[in-house]
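Visitor: Need a 3D model of the following:
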Amino acid sequence: MADVDAYWEAVRNGTDLVTELPQERRAVFGAEWDGMVTRGGYLSGAFDFDAGFFQVSPREARVVDPQQRLLLEVVWEAFEDAAIVPADVAPAAGVFVGVSGQDYRRWFTGEPSAHWTAGNGHSFAAGRISHTLDLQGPAFAIDTACSSSLVALHTACRSLAAGDCDTAVAAGVNLVLAPWTTLALDKTGALSPEGASRPFDAGANGFVRGEGCAALVLKRLADAVRDGDRVIAVVDGSAINHDGRSSTFAAPNPRAQTRLISSVLTSLALSATDIGYHEAHGTGTQLGDRIELEAIKTALAGGRLYVGSVKACLGHTEAAAGLLGVIKAALCLRHRRIPRQPHFDRLNPGVDLAGTGITITGQEEPWPPDAGDRASVSSYGMSGTNAYVVLSPAPDAALDVASDAARDAAPDAGADARPGPAVSGFAVSARAPGALRALAGRYAAHLAGTGSAGYPAFAYTASHGRTRHEHTVWVDADRPGAAIPALHAVAAGEPHPAVTVLDPAQPLPRPPAAVRRAVATLPTYPWQHGSYAVRPIGATG
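Guide: Okay, the predicted model is just below:
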């Protein structure tokens with residue numbers, strides 16, 4: 001899934017994204033994968049990277065952990081989606097990354113290169129982002145196993161509250177690149193023997209490993225409203241704790257989970273009835289699901305509460321799981337919908353939800369008017385570190401009016417209709433000529449599907465919500481009908497009377513006051529990928 005809209009469609013439809021192990025992973029270690037469950041929620045193109053965009057040499061790119069490379073691209077896309085140019089916030093921007101897996105180290109043989117330490121150490125996953133984007137606030141990686149990215153979000157919010165930074169990136173990543181962790185987990189009995197993810201279901205028999213990368217751009221709410229930013233949701237509060245001495249080192253502790261949830265609600269002066277949807281950790285193990293549902297009953301029962309887990313779609317994305325749950329919960333708030341929980345037929349027999357008001361739904365439903373207007377997310381690490389976050393909808397002052405208008409504009413508005421505020425045109429900018437052509441094609445397709453209502457926000461975002469790169473053209477068009485043919489010409493590498501090539505030092509026209517900071521959701525940068533990997537273990541020649 002390349003963007004948030006695709007993610008939401010998969011989640012709301014309950015799409016099962018679990019597949020067989022990609023062939024390039026199996027080919028590297030061959031028979032070492034044999035005899036274990038290898039179905040998982042895998043990403044395609046795990047070794048793809050736009051090294052030229054990030055000014056990384058091919059030699060270095062091959063050594064750098066694909067998790068670090070994926071983080072760079074996804075964090076860049078997060079800034080673009082927020083219409084925030086990293087250079088504009090760099091002096092006070094922090095980076096907080098949840099990362100745990102170290103599979104890529106298994107790919108190396110012989111003596112390490114000069115790039116090995118920075119390419120494969122966890123601390124460099126955050127530091128590389130800050131270095132590349134020149135972000136000068138706090139930067140560190142967090143490893144609490146499965147709860148890493150939600151702990152990263154909690155830490156980022158604390159850093160914002162303390163004034164350590166004014167903008168923060170919270171991110172998480174997980175890739176399954178070698179068999180050893182899978183084998184170790186399989187030996188504990190934690191993995192589903194048939195590779196099926198069924199959180200809360202009576203037939204659940206273990207979790208499925210998954211891959212993912214997510215990044216959020218965060219600001220203090222007052223600052224975001226002041227700056228005219230698009231706000232998807234608000235982090236009301238969060239907390240972390242540890243299981244202490246549970247029954248075994250990796251076993252969850254229901255009392256710790258209950259205390260954690262209750263502590264956040266108390267600190268926010270909220271009751272359980274204020275939470276309408278809870279995105280659970282929900283891995284699909286009989287014991288873990290039962291303990292978690294009992295804790296939810298104790299801490300959150302009382303009103304109408306829906307409970308779900310995105311792991312039924314993606315598998316367990318481990319260090320990235322918490323943030324992927326937050327994004328799902330935030331989109332539930334934004335769209336006022338409760339997605340269906342796939343692979344759920346009959347409740348775990350160790351749990352009784354009768355009379356609690358808790359529902360695990362097998363079909364998509366509108367957010368009920370009698371349910372609380374907030375959502376919450378839990379993430380529990382195998383290390384024992386737990387995290388819990390409460391989200392609320394974006395306030396009216398920060399609603400994405402321009403983006404919604406662009407997305408929902410009636411087709412009969414027509415591409416030739418002129419938008420309300422005067423718009424003279426917009427910029428298209430990329431680091432490479434091929435990317436410039438590809439981005440122009442994406443913009444043309446976007447405008448063809450949105451009509452004229454969102455054009456001022458489109459023009460603003462394309463020109464002022466994107467980084468200015470070496471290759472920039474100005475499209476002189478006051479409406480989509482004039483812009484689309486010009487964009488097609490740019491995409492084809494052909495001249496057009498409405499297109500002007502700009503010198504890198506040439507300033508862009510200032511936007512009309514009526515559309516200043518009008519943000520639209522646009523296609524993100526078209527990466528020019530190459531495939532980079534070191535010689536695999538056992539390779540010859």
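Visitor: tell me the domain boundaries of this structure?
Guide: 4-350+377-396, 425-502 (the TED database).
Visitor: dump the residue contacts of the one residue sitting closest to the centre of the chain.
Guide: For the chain, the residue nearest the mean C-alpha position is Ala214 (2.6 Å; CA atoms, centre = their mean). Applying CB atoms under 8 Å, 6 or more residues apart in numbering, we find Ala214 in contact with 74, 149, 171-173, 320, 323-324, 326-327. In this view, the C-beta of every residue, glycine as well, is placed from N, C-alpha and C.
Visitor: repeat for His278
Guide: Here His278 is in contact with 296, 300, 305-308, 375-378 (CB under 8 Å, 6+ apart).
Visitor: any low-confidence regions in the protein?
Guide: 1, 397-421, 512-516, 535-541 (pLDDT under 70).
Visitor: Show me what the residue nearest to the centre of the chain is bridged to.
Guide: When bridges are called by DSSP bridges, Ala214 pairs up with Gly172.
Visitor: And it, how close does it get to Ser247?
Guide: 31 Å (CB to CB, to the nearest Å).
Visitor: Nearest spatial neighbour of Arg209, chain-adjacent residues omitted?
Guide: In space, and not counting its chain neighbours, Arg209 is closest to Gly40: 4.4 Å by CB to CB, 6 or more residues apart in numbering.
Visitor: Would you mark the buried spots in stretch 204-212?
Guide: 204, 206-212 (16 or more other CB atoms under 10 Å).
Visitor: before we move on, back to that, among the contacts of His278, name the ones in helices.
Guide: Here DSSP state H is the test, and the contacts of His278 give 296, 300 as lying in helices.
Visitor: Let me know the closest of the contacts of His278 to Asp164.
Guide: Val377 (23.2 Å; CB to CB).
Visitor: does that closest one really touch Cys332, like I thought?
Guide: No. The pair Val377 and Cys332 does not pass the contact test of CB atoms under 8 Å, sitting 10.5 Å apart.
Visitor: From the neighbour counts alone, determine which of these two ranks first.
Guide: Using other CB atoms under 10 Å as the criterion, Val377 and Cys332 rank with Val377 on top: 29 against 25.
Visitor: Beta-bridge partners for the more buried one, please?
Guide: Glu279, Val389.
Visitor: what's near enough to touch it?
Guide: Val377 makes contacts with 150, 278-279, 322, 325-326, 329, 388-389, 391, as judged by CB under 8 Å, 6+ apart.
Visitor: again, but for Gln528
Guide: By CB under 8 Å, 6+ apart, the residues touching Gln528 are 50, 52-53, 432, 434-435, 438.
Visitor: Just the element for it, please.
Guide: Remark: Gln528 resides in no helix or strand, with elements defined by DSSP states H and E.
Visitor: Likewise for Ser238?
Guide: Element membership for Ser238 (DSSP H and E) is strand 233-242.
Visitor: circling back to that earlier point, could you list which of the contacts of Ala214 belong to strands?
Guide: 171-173 (DSSP state E).
Visitor: neighbour-wise, which of the residues you listed leads?
Guide: Highest count within the ones in strands among the contacts of Ala214 by other CB under 10 Å belongs to Gly172, 36 neighbours.
Visitor: Would you map the strands across the stretch 101-250 of the chain?
Guide: Applying DSSP state E, counting those that start in this stretch to the stretch 101-250 of the chain gives strands spanning 139-142, 167-174, 212-219, 233-242.
Visitor: Give me whichever of those is most buried.
Guide: Compared across the strands of the stretch 101-250 of the chain, strand 167-174 shows the largest average neighbour count, a mean of 31 (mean count of other CB atoms under 10 Å).
Visitor: From the ones in strands among the contacts of Ala214, pick the one nearest Leu268.
Guide: Among the ones in strands among the contacts of Ala214, and counting by CB to CB, the member closest to Leu268 is Gly172, at 23.9 Å.
Visitor: you'd agree the closest one is up against Leu323?
Guide: Yes. Here Gly172 reaches Leu323: they are 4.6 Å apart, a contact under CB under 8 Å.
Visitor: Are there residues contacting both of those two? Which ones?
Guide: With CB under 8 Å, 6+ apart as the test, Gly172 and Leu323 both reach 98, 149, 152, 214-215.
Visitor: Name the nearest of those residues relative to Gly288.
Guide: For those, the nearest to Gly288 is Ser149 (18.4 Å; CB to CB).
Visitor: what residues are up against that closest one?
Guide: With the criterion set at CB under 8 Å, 6+ apart, Ser149 makes contact with 97-98, 142, 170-172, 214, 319-324, 379.
Visitor: cool, and Arg62?
Guide: Neighbouring residues of Arg62 by CB under 8 Å, 6+ apart: 532-534.
Visitor: my read is it is in a helix, agree?
Guide: Yes. Counting by DSSP: H, G, I helix; E, B strand; the rest coil, Arg62 is part of a helix.
Visitor: do you know how far it is from Cys157?
Guide: Arg62 is 36 Å from Cys157, by CB to CB.
Visitor: And Thr258, by the same measure?
Guide: Plainly put, Thr258 is 22 Å away from Cys157 if you go by CB to CB.
Visitor: quick one: which of these two has more around it?
Guide: Per other CB under 10 Å, whichever of Thr258 and Cys157 has more neighbours is Cys157, with 20 against 17.
Visitor: Start from the N-terminal end of the stretch 401-541 of the chain and give the helices.
Guide: 401-408, 433-448, 455-464, 480-492 (DSSP state H, counting those that start in this stretch).
Visitor: At which residues are the helices of the stretch 151-300 of the chain located?
Guide: Using DSSP H, counting those that start in this stretch, helices in the stretch 151-300 of the chain cover 180-188, 221-226, 254-267, 286-300.
Visitor: among these, which is the most enclosed?
Guide: Of these, the one with the most neighbours on average (mean count of other CB under 10 Å) is helix 286-300, at a mean of 22.
Visitor: Which elements pack onto it?
Guide: helix 254-267, strand 275-279, strand 305-308, strand 358-359, strand 374-380 (3 or more CB pairs under 8 Å, 6 or more residues apart in numbering; DSSP states H and E).
Visitor: Generate TSV for the ones you listed, with distance to Arg346 as supplementary columns.
Guide: Compiled in TSV, the helices and strands packed on helix 286-300 are given as follows (distance: least, CB to CB, whole Å):
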stretch	distance to Arg346
helix 254-267	22
strand 275-279	20
strand 305-308	15
strand 358-359	14
strand 374-380	23
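Visitor: Quick one: the helices in the stretch 1-150 of the chain, in order.
Guide: Counting by DSSP H, counting those that start in this stretch, the stretch 1-150 of the chain has helices at residues 4-12, 23-29, 58-63, 66-81, 86-89, 116-120, 123-133, 148-162.
Visitor: Including distance to Ile358, could those helices go into a markdown table?
Guide: Below are these laid out as a markdown table (distance: least, CB to CB, whole Å):
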| stretch | distance to Ile358 |
| --- | --- |
| helix 4-12 | 20 |
| helix 23-29 | 39 |
| helix 58-63 | 48 |
| helix 66-81 | 33 |
| helix 86-89 | 41 |
| helix 116-120 | 43 |
| helix 123-133 | 37 |
| helix 148-162 | 21 |
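Visitor: so Leu314 sits right up against Gly325, yeah?
Guide: No. Judged on CB under 8 Å, Leu314 makes no contact with Gly325 at a distance of 9.9 Å.
Visitor: Over to stretch 484-504 now: how far is its first residue from its last?
Guide: 24 Å (CA to CA, to the nearest Å).
Visitor: Next: stretch 109-117.
Guide: 14 Å.
Visitor: try stretch 204-216
Guide: Stretch 204-216: ends 31 Å apart by CA to CA.
Visitor: My reading is that Asn386 lies in a strand. Confirm?
Guide: Yes. Assessed with three-state DSSP, Asn386 lies in a strand.
Visitor: Out of the contacts of Ala214, flag the one nearest to His469.
Guide: Looking across the contacts of Ala214 and measuring by CB to CB, the closest to His469 is Val74, at 18.7 Å.
Visitor: Can you tell me the closest non-neighbouring residue to Ala482?
Guide: Nearest to Ala482 is Ala498, by CB to CB, 6+ apart, at 6.5 Å.
Visitor: wait, isn't Ser429 in contact with Trp474?
Guide: No. Using CB under 8 Å, Ser429 is not in contact with Trp474, being 9.7 Å away.
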